[in-house]
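Visitor: Below: sequence and its predicted model.
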Amino acid sequence: MREAAGTITSLRTALKLARAQIAAERDDLIECHGIGGVIPANDVLGLAGVADLNTVLAQIDEALK
């Protein structure tokens, strides 16, 4: 039981670290593609990238509940 708890703690820590990195990547993408923090509607790749990263962040948030 103690080993399982340690594994769960390690996994949660890894998810938190990954979440921070992914959020930073999303912010960088918005900064790179955006104008005033908003990606123009005609930047399909930029919008798709942000949407993909938001989906991953939501999944991580759900897993950490």
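Guide: Thanks, I have the structure now. Because the structure is a prediction, the values reported are computed rather than measured.
Visitor: I'd assumed Ala24 was in contact with Leu53.
Guide: No: assessed by Cβ atoms under 8 Å, Leu53 is found out of contact with Ala24, at 10.0 Å. All C-beta spots, glycine's among them, are computed from the backbone N, C-alpha and C.
Visitor: Compare neighbour counts for those two and give me the winner.
Guide: Leu53 (17 against 10; other Cβ atoms under 10 Å).
Visitor: mind listing the helices for this protein?
Guide: 2-33, 44-63 (DSSP state H).
Visitor: can I get those helices in CSV with mean pLDDT?
Guide: Formatted as CSV, these follow (pLDDT from 0 to 100):
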stretch, mean pLDDT
helix 2-33, 95
helix 44-63, 97
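Visitor: Can you tell me how far Ser10 is from Ala58?
Guide: 22 Å (Cβ to Cβ, to the nearest Å).
Visitor: One more: Leu11?
Guide: 18 Å.
Visitor: and the residue nearest to Asn54 when sequence neighbours are not counted, how many neighbours does it have?
Guide: Excluding the flanking residues, the one nearest Asn54 by Cβ to Cβ, 6 or more residues apart in numbering is Arg26, at 6.9 Å. Look at Arg26: counted by other Cβ under 10 Å, it has 18 neighbours.
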